[in-house]
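Participant: coordinates for the following, if possible.
(one chain, ligands or ions: 1)
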Amino acid sequence: MRFTGKTCIVTGGGSGIGRATALQMAREGGSLVVVDLRLQAAQATVDAIHAAGGTAIAAECDVGNATQVQAAVDAAVKAFTAIHVIVNDAAMMTFTPILDIAEADFFKVIATNLGSVFLFSKYGAAHMPPGSAIVNLSSVHAHATTENVVPYASSKGAIEAFTRGFSLEMMQRKIRVNAVAPGAVDTPMLWDNPNVKSGAEKITGAVGTPEDLAAAICFLASDDGAFVNGTTLLADGGRLAGLP
Ligand SMILES: NC(=O)c1ccc[n+]([C@@H]2O[C@H](COP(=O)([O-])OP(=O)(O)OC[C@H]3O[C@@H](n4cnc5c(N)ncnc54)[C@H](O)[C@@H]3O)[C@@H](O)[C@H]2O)c1
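Facilitator: Sure thing, here's the model as predicted:
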């Protein structure tokens with residue numbers, strides 16, 4: 001019961017890795033704030049937590065919008081007083097070459113994926129006591145990528161740099177900041193990816209489950225990861241270890 005007495009915010013908690021992480025943290029005693037753009041999806045995760053006897057609230061929020069992030073943080077503090085864990089999981093992808101992509105679409109990806117990490121860190125950390133932890137979702141695309149996903153790959157590379165730098169700023173306050181970089185994981189984001197559908201991004205090796213990633217995230221978010229700080233845990237089933 002690693003999260004007993006802890007309030008855990010999980011963005012993107014309405015689907016995939018975020019949902020599995022919220023369910024795992026709730027099973028281990030956490031009080032969950034399930035954040036998602038799609039309120040119905042967040043509420044479905046909350047309902048599943050309640051059905052299993054856990055504690056959770058849903059918060060509708062576009063994680064790239066500062067006002068909405070502040071409102072989600074306020075809702076968490078109002079319901080549970082303090083925040084002990086933030087998992088920045090929500091993200092989006094585009095599939096257009098840089099020469100063709102609209103400026104607004106490029107900056108939307110950066111705001112959603114990287115801006116969200118900045119906003120939840122800036123507004124959430126103020127309510128985090130010593131011993132708290134932030135876990136940011138990166139991707140193997142921060143390390144090796146395919147064509148037409150430059151905004152996504154850029155945002156994930158920047159998230160790893162943000163994680164490293166912000167961990168230094170939080171060290172005196174004893175708030176740890178780490179990232180997890182998943183490989184292929186069996187979620188809508190993987191199978192809806194046009195590059196995966198077309199074969200441009202080949203999924204030849206292991207495909208993880210959302211629960212596999214939740215295990216890695218919960219390790220870093222809990223005291224099990226007490227001496228792990230400022231780093232990125234690659235959780236890709238060995239995908240990046242070999243030549244393609
Ligand atoms: N699935 C994979 O193969 C894979 C691989 C590498 C990295 N990741 C990363 O893991 C994380 C979770 O991915 P997933 O596969 O579980 O995705 P998913 O599509 O199953 O779930 C993402 C959730 O985020 C929500 N969301 C999207 N934009 C949002 C916004 N602006 N505000 C609030 N919520 C928003 C969606 O509604 C959805 O519920 C992402 O950061 C993703 O980049 C996934």
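Participant: which residues touch the most centrally placed residue in the chain?
Facilitator: Residue closest to the mean C-alpha point of the chain, counted by CA atoms, centre = their mean, is D89 at 1.7 Å. Taking CB atoms under 8 Å, 6 or more residues apart in numbering, we find D89 in contact with 10-13, 17-18, 21, 137, 217. To be clear about C-beta, it is placed using only N, CA and C from the backbone, and glycine gets the same treatment.
Participant: may I ask which of those residues has the most neighbours?
Facilitator: V10 (35 neighbours; other CB atoms under 10 Å).
Participant: what is the strand or helix carrying it packed up against?
Facilitator: Secondary structure from DSSP states H and E places V10 in strand 7-11. Applying 3 or more CB pairs under 8 Å, 6 or more residues apart in numbering; DSSP states H and E, one finds that strand 7-11 contacts helix 16-27, strand 31-36, helix 66-80, strand 85-88, helix 116-124.
Participant: I'd like the average pLDDT over stretch 227-237.
Facilitator: Stretch 227-237 shows a mean pLDDT of 98.
Participant: list the buried residues in it.
Facilitator: Buried positions in stretch 227-237, judged by neighbour count with 16 or more other CB atoms under 10 Å: 229-237.
Participant: for the ligand, what's its nearest residue on this structure.
Facilitator: Closest residue of the chain to the ligand, CB to the nearest ligand atom: G16 (2.2 Å).
Participant: relative orientation of the strand holding V10 and helix 116-124 in degrees?
Facilitator: Computed by axes from the mean of the first three to the mean of the last three CA atoms, to 10 degrees, the angle separating strand 7-11 from helix 116-124 equals 150 degrees.
Participant: pairing partners for strand 7-11, with directions?
Facilitator: strand 31-36 (parallel), strand 85-88 (parallel) (DSSP bridges).
Participant: so for D47, which of the ones you listed sits nearest?
Facilitator: With CB to CB, the closest approach to D47 among the strands paired with strand 7-11 belongs to strand 31-36: 10.0 Å.
Participant: export the strands paired with strand 7-11 to TSV and append columns for mean neighbour count.
Facilitator: Output for the strands paired with strand 7-11, formatted as TSV (neighbours: other CB atoms under 10 Å):
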stretch	mean neighbour count
strand 31-36	29
strand 85-88	29
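Participant: can you get me a residue count around the closest residue in space to V73 that isn't next to it in sequence?
Facilitator: Distances taken as CB to CB, 6 or more residues apart in numbering put Y123 closest to V73, at 4.7 Å, once the chain neighbours are dropped. Y123 sits with 18 neighbouring residues when counted by other CB under 10 Å.
Participant: please name the residues that touch Y123.
Facilitator: If you count contacts by CB under 8 Å, 6+ apart, Y123 has them with 66, 69-70, 73.
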